[in-house]
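Asks: predicted model, plus sequence, below.
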Amino acid sequence: MLRRILVCAGMVLAAYPPAAIPQSASTSRAFLDTYCVTCHNQKAATAGLALDKMDLEKVGEDRAVWEKVVHKLRTRAMPPPGRSRPDAPSYNLLITRLETELDRAAAAKPDPGRTAVHRLNRAEYANAIRDLLAIDIDSESLLPVDEVNHGFDNIGDALSVTPVLMERYMSAARKIGRMAVGQPEIGPFSETYEIPRFLTQDDRMSDDLPFGSRGGIAIRHDFPADAEYTIRVFLQRNSRDYIRGLAEPHQLDFRLDGERIKLLTVGGGPELKGEPGPTFSQAGKIGDRASETYEHGGAEQPLEVRFRAKSGQRLVAVTFLSKNAIAEGVFQPPLTQFQLVQYKGGNPYIDNLVITGPYDVTGVADTPARQKIFVCRPTRTADEEPCAGKILSTLARRAYRRPVTDKDVRTLLRIYEAGRSEGDFEAGVQAALERILAGPEFLFRIERDPAGVPPGTAYRISDLELASRLSFFLWSSIPDDQLLDLAESGKLKDPAIFEQQVRRMLGHPRSRSLVTNFASQWLYLRNLGSKTPDPKLFPEFDENLRQAFQQETELFLESTLREDQSVLRLLDANYTFLNERLAHHYGIPDIYGSHFRRVTLRPEFDARRGLLGQGSLLTVTSYANRTSVVLRGKWLLENLLGAPPPPPPPNVPSLEESGTDGKPLPLRQLMENHRKNPGCASCHATIDPLGFALENFDAVGRWRSADAGTPVDSSGVLPDGTQFEGPLGIRNVLLSRPEEFAAVFAERMLVYALGRGTEYYDYPAIRTIVRDAAREEFRWSSLILATARSMPFQMRRSEQ
Amino acid sequence: MIFKKAIPRRTFIRGVGVTLALPLLDGMIPAFAAPEKPVKRFSIVYVPNGRIMERWTPEKEGTDFELPLLLQPFAPFRDRLLVVTGLSLSVARHAPGEEVGVHERPCGAYLTGVHPKWTDGADIRNGISLDQIVAKEFGKHTQLASLEIGLDSAGILGACEKGWSCAYVNTLCWRSPTTPIPMENNPRTVFERLFGDIGSTDPAERRAIQRRNNSILDSLSEATGDLIRELGPSDRARISEYLDSIRDIERRIQIAEQQGSRDLPSLARPYGVPTTFQEHAKLMYDLQVVAFQADLTRMITFMVGREKTDRPYPEIGIPDAHHPLTHHAGDPQKIEKVVRIEALQARMFAYYLEKLRSTPDGDGSLLDHMVINYGCGISEGNGHSVVNLPLLLFGGASYFKGGRHVRYPKDPPLSNLHLTLLDKLGIPVENFGNSTGKLEL
């Protein structure tokens, strides 16, 4: 019954036809007078709004204010709880009227806004290098973190340039130039790869490691030359510096690009026949000399392999052959972090690898990077400069995202000559490449007002500028040759070609950035890395679980993107991605193995459907030692409902952990105590019920039926009287208003696509996006296409 | 699941909930300084797990004292040496209700004079360390405000002793009460921080890099100037920021070039972390000398080992972990091993002193124009005693009169020494840590 009412309400909302006859100004005025003007009048001027004064015939002249009014009405934030409220049809009629007027005013005088010069952020820089030079760089070690604004790290106004950053760009340019061109004369050096300490290594760790392997690591290492290299393995030690897990022999498998290059045995040495040190650290107690030597480093000395490798990026894997003493799948209660650092037993783990080289260099093979760069090779000295010109023009066109001018080429050739005179042809090219990578033409996205456009007016951006916007939106990277060619020949304007390109780019693997950059920031997924659930309360939370959470949500998001599902499925899809570890955590049986696979959720796991059932988001919205209905409620309001609550007032006291008799109280009761205060209730009446709906999920996303001994009560009431129960209830609330969710999604996507925050003059465009996408059930592609076609994306406001 | 390369130490500490302000200077543009007047420098060298005090403390006081075994390597520098006896780190005693932490507290308090907070979580708390106060002042004149280096890797993180965060033993340096600074143990990284991404300190190579930088920077300035002329006012701001940044780098290169270049000892960029203790220590000492010589920094803190380290010394026939050995309970064999470890550390430090003494600086040597503190926050490792700390000062005559052993009565706090040193270094403050006044050096 309840569901039907919600569905009906939803249908009314979803079905409001843009061409409906808007209500008359006098009816709107009556609405405002009845429900709004009591507070929002000239005298009281609540929130600075005087609705009695405003003219409903001239909505278009005060768009900023009316857009705010519409927003409050759409989210039902106004009238506030406790006041008399109109019925849903009345809300909708007023909203329709206002929006029609606002859209009409916007169409008459469109304002696409204006982003100033926009620096590439770290992720975009790394992707550009990948696409330009076929090199994967560790951008986090080369460049500092970017400033975040409006929830994203690609906002033009926030991305500043400082001398420190400039130094980093120059240093990165040098490193990348060397890596890309290849350097036959460098001396040997070491590169260390570490495994996070709290990553349990009792299973196969990744798809890059062989079946039947346990623990260890697989990495893509850049071999700078055809030469010999060594790998040294260092094993994990406990807090007394004993190497762990040496009691039994284990086999250590070394592979290069999937082929085994060595198998070594570690552990179980005869040195341990005497008296080894204690298994759990005890002050003052040590083993005999032979075992001490062995366990403090002797066992590790022979773990070095020397091998020959050709230059380029190759997969290096070091792992143990699986030899578990305990049956697989039988879950052992893990040691707490404190116990683990004292423990010398269990399986040996790898702590880090050191790859050193090159020794005995024989040459530099043609890596993918060199192939991209050297589109010609000079056979005689006279060929060198023309060839350099060709190489640099090709690179610069892609790096600068536009046709290259004579001036560009002359500039680069000057640097080439300086480098050539100190070295050889390749050194010259390398120097000029450094110049490209540190230059403003590469680092900044610049859009230019065309000549003759009056100040402060909207104009269509050029095809080349549109190509850049598209590729940074869909790929977080530079345009590819196909897109550049079309833009250069002026064909991108053609609507059919434009749509074809958008769809092509969406289908390309590079569009994964929409998951890793857009969705992960929209949903606060990036915070997962810094969450530290209390090891005493959640001893089973380790790095493996954290990574599993991340994988699950990323795979899930990507699947909806690749299958072009409706974004509403993010809320209620009947499947997710699990591996054994994660399935066990969720209590879902019959999932075996460490790899992730798609799993249809059976009816008894209905609560897990969609994003709201996933450990990543449930952990991100909790504290280290308990859930937080406020964090979860706030997250829902901000990210899914588009109604962010205002910040709390200063000096809010912290939550009492127990009642007056000292017994721990369930969270609901604690929150009730606070909500008795009307000053708090004004906001918390909206925030808390949403958070309560998810109370069956604890702070690390496990299902629970009781909290502090009391059964979880996950019921709630929304300010407009809607009742709901648990995750299913909250999902239905969200799905009953698909337009609202789609509007939130569209707004977030527009911020990301434009690289600026949204303003009142963007909302008509957002409404158009939602309307257009509604025709295709809000599929990913419909929202993306509508965004790419939107007025602010296709146009720009000229300088004032 | 592909693991990222060499996740920096900082990321580890971030996992415990502490965010670090990374020193982002690349050291790409070195300052080859030939300073006009003698500058002031401070070098802190920390040896962990206490000392066998009966082999350390001279019997007699004043100028006529004998050098016990552990001080014998310093005989050539006797005239620069001040043996300081009697100071205490009472602020590191355990507070009521606290458990264990007998290494965490003294290490945390050694340069702060503050009782570190008993926690293993994200709410670690200490004080601002002495070196950072010095760095704030000295950093006005140098490329790098300070350098924090060590021989042990960050290793165990999270909880060390029950309830105590490993941050307290992994570092001595705290930029703020909540910001520990990680000790860099990779000599290659230290080299690159000082000299940038280059193969050696060879002047020809430096000049080649500088020429390359200059030609690229010229080209960038020109291109940017053109760009700015084409853009409207609202677009110019960001490009101007970029241009200002380029100009800033050019200016610093100019200053470096004007200051003239010195002949630095030829030091190739290290390949990574050496396998033996001696190689590693020697390399780190070499880097410290070169850093001072090139005036890249005037404040360096060096941990020969993290506090409570379990490093064995197989090269001198000691496969046992250091820390458990220091709990000798009177066993002469264990004591003998500990003494041998401490003697080795002292010999390596003497190597450092010798290099400092033989490196010219202004009208004397580097050793003449600096203060070095060699010591530990624990005296008897067996009992984790925090009174009567093992402390040595080496340095120029302008700081104190050397060749003496001074015993201070009534257990003055270590912070009093720090207060005095700050004054000598030209950074007088009212108080520091739990200081009660200055000491007569």
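Replies: Yep, it's here. Numbering: from 1, shown residues only, chains lettered A, B, ... in the order given.

Asks: CA only for contacts and neighbour counts going forward, please
Replies: OK.

Asks: buried sites along stretch A:412-431?
Replies: Neighbour counts over stretch A:412-431 (16 or more other CA atoms under 10 Å in any protein chain shown) mark A:412-420, A:425-431 as buried.

Asks: next: stretch A:579-593.
Replies: For stretch A:579-593, burial by neighbour count (16+ other CA under 10 Å) applies to A:N579, A:E580, A:R581, A:L582, A:A583, A:H584, A:H585, A:Y586, A:I588, A:I591, A:Y592.

Asks: and the contacts of that stretch?
Replies: A:329, A:544-545, A:548-549, A:578, A:594-597, A:605, A:701-703 (CA atoms under 8 Å, 6 or more residues apart in numbering or on different chains).

Asks: do stretch A:545-553 as well
Replies: The contact list for stretch A:545-553, computed with CA under 8 Å, 6+ apart, reads A:525, A:528-529, A:576-579, A:581-582, A:596, A:611, A:614-616.

Asks: same list (those residues) but as CSV, adding pLDDT.
Replies: Shown next, in CSV, are these (pLDDT from 0 to 100):
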residue, pLDDT
A:L525, 93
A:L528, 92
A:G529, 87
A:T576, 97
A:F577, 97
A:L578, 97
A:N579, 94
A:R581, 91
A:L582, 95
A:F596, 94
A:L611, 96
A:Q614, 97
A:G615, 96
A:S616, 96
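
Asks: chain center to stretch A:616-629, what's the gap?
Replies: Relative to its parent chain, stretch A:616-629 has a centroid offset of 18 Å by CA atoms, centre = their mean, to the nearest Å.

Asks: A:Q482 in helix, strand or coil?
Replies: Following DSSP: H, G, I helix; E, B strand; the rest coil, we place A:Q482 in the helix state.

Asks: now swap in the one 3 residues further on and tell me
Replies: Classification of A:D485 into helix, strand or coil gives helix, according to three-state DSSP.

Asks: related to what we said a few turns ago, return the subset of the contacts of stretch A:545-553 lying in helices.
Replies: Members of those lying in helices (criterion: DSSP state H): A:R581, A:L582, A:G615, A:S616.

Asks: which stretches of chain A have low pLDDT?
Replies: A:1-23, A:81, A:184-185, A:283-284, A:324-339, A:652-666, A:668-670, A:673-674, A:719-720 (pLDDT under 70).

Asks: longest strand in it, please.
Replies: Looking across chain A with DSSP state E, the single longest strand is strand A:350-363.

Asks: counting by contacts, list what that one packs against.
Replies: If you count contacts as 3 or more CA pairs under 8 Å, 6 or more residues apart in numbering or on different chains; DSSP states H and E, strand A:350-363 packs onto strand A:189-194, strand A:213-223, strand A:226-235.

Asks: sheet partners, orientation included, of it?
Replies: Note on strand A:350-363: by DSSP bridges, its sheet partners are strand A:189-194 (antiparallel), strand A:226-235 (antiparallel).

Asks: would you turn these into a markdown table with mean neighbour count?
Replies: Shown next, in a markdown table, are the strands paired with strand A:350-363 (neighbours: other CA atoms under 10 Å in any protein chain shown):
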| stretch | mean neighbour count |
| --- | --- |
| strand A:189-194 | 20 |
| strand A:226-235 | 20 |
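
Asks: the residue nearest to the spatial centre of chain B: what secondary structure?
Replies: Centroid-nearest residue in chain B, with CA atoms, centre = their mean: B:T301, separated by 0.9 Å. Here B:T301 is recorded as strand under three-state DSSP.

Asks: check contacts around it.
Replies: Contacts for B:T301 (CA under 8 Å, 6+ apart) come out as B:S43, B:I44, B:V45, B:Y46, B:D131, B:S146, B:L147, B:E148, B:I149, B:C173.

Asks: domain ranges for chain B?
Replies: The domain map for chain B lists B:1-37+B:203-271, B:39-185+B:273-424, with the assignment taken from automatic domain parsing.

Asks: and these, which one's lowest on average pLDDT?
Replies: With a mean of 66, domain B:1-37+B:203-271 has the lowest mean pLDDT of the domains of chain B.

Asks: buried ones among the contacts of stretch A:545-553?
Replies: Buried among the contacts of stretch A:545-553 (16+ other CA under 10 Å): A:525, A:528, A:576-579, A:581-582, A:596, A:611, A:614-616.

Asks: which residue ranges of the stretch 201-350 of chain B form helices?
Replies: B:203-230, B:233-258, B:277-293, B:322-326, B:332-357 (DSSP state H, counting those that start in this stretch).

Asks: nearest residue to the spatially most central residue of chain A other than its sequence neighbours?
Replies: Taking CA atoms, centre = their mean, the centroid of chain A lies closest to A:S520, which sits 2.7 Å from it. Closest residue in space to A:S520, ignoring its immediate chain neighbours: A:R526 at 5.9 Å, by CA to CA, 6 or more residues apart in numbering or on different chains.

Asks: what does residue 54 show for phi and psi?
Replies: With no chain named, the answer covers chain A. Phi and psi for A:M54, reported as degrees, to the nearest 10, are phi -80, psi 150.

Asks: you looked at the wrong chain, it should be chain B
Replies: phi -70, psi -10.

Asks: enumerate the residues of the stretch 151-300 of chain B near chain A.
Replies: B:156, B:158-160, B:162, B:197, B:199, B:212, B:215-216, B:219-220, B:223-224, B:231-232, B:234-236, B:238-239, B:241-242, B:244-246, B:248-249, B:270-273 (CA under 8 Å from any CA of the partner chain).

Asks: can I get the buried ones among the residues you listed as something I can paste into PyMOL?
Replies: Of those, the buried ones go into a single PyMOL selection, burial set by 16+ other CA under 10 Å:
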select buried, chain B and resi 156+158+159+160+197+199+212+215+216+219+220+223+224+231+235+236+238+239+241+242+244+245+246+248+249+270+271+272+273
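
Asks: may I have the helix or strand hosting A:A396 as CSV, with CA atoms only?
Replies: Here A:A396, judged by DSSP states H and E, is contained in helix A:381-400. The C-alpha trace of helix A:381-400 is given here as CSV (Å, rounded to 0.1, in the frame of the first residue of the first chain):
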residue,chain,number,x,y,z
THR,A,381,73.6,14.3,-40.5
ALA,A,382,71.7,16.4,-43.0
ASP,A,383,68.5,14.5,-42.2
GLU,A,384,68.7,15.2,-38.6
GLU,A,385,67.0,18.5,-38.3
PRO,A,386,64.2,17.8,-40.7
CYS,A,387,63.5,14.6,-38.9
ALA,A,388,63.7,16.3,-35.5
GLY,A,389,61.1,18.8,-36.9
LYS,A,390,58.8,16.0,-37.9
ILE,A,391,59.1,14.2,-34.6
LEU,A,392,58.5,17.3,-32.5
SER,A,393,55.6,18.5,-34.7
THR,A,394,53.9,15.2,-34.2
LEU,A,395,54.4,15.2,-30.5
ALA,A,396,53.5,18.9,-30.0
ARG,A,397,50.3,18.6,-32.0
ARG,A,398,49.0,15.9,-29.7
ALA,A,399,50.4,17.5,-26.5
TYR,A,400,49.1,21.0,-27.3
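
Asks: can you name the next helix or strand after the longest strand of chain A?
Replies: helix A:368-373.

Asks: list the buried residues of that following helix.
Replies: For helix A:368-373, by 16+ other CA under 10 Å, it's A:A369, A:R370, A:K372, A:I373.

Asks: and of those residues, the nearest to A:R435?
Replies: If you rank the buried residues of helix A:368-373 by distance to A:R435 using CA to CA, A:I373 comes first, at 14.5 Å.

Asks: those strands in the stretch 401-550 of chain A, which residues are they?
Replies: Using DSSP state E, counting those that start in this stretch, the strands assigned to the stretch 401-550 of chain A run over residues A:444-445, A:458-460.

Asks: much appreciated, bye for now.
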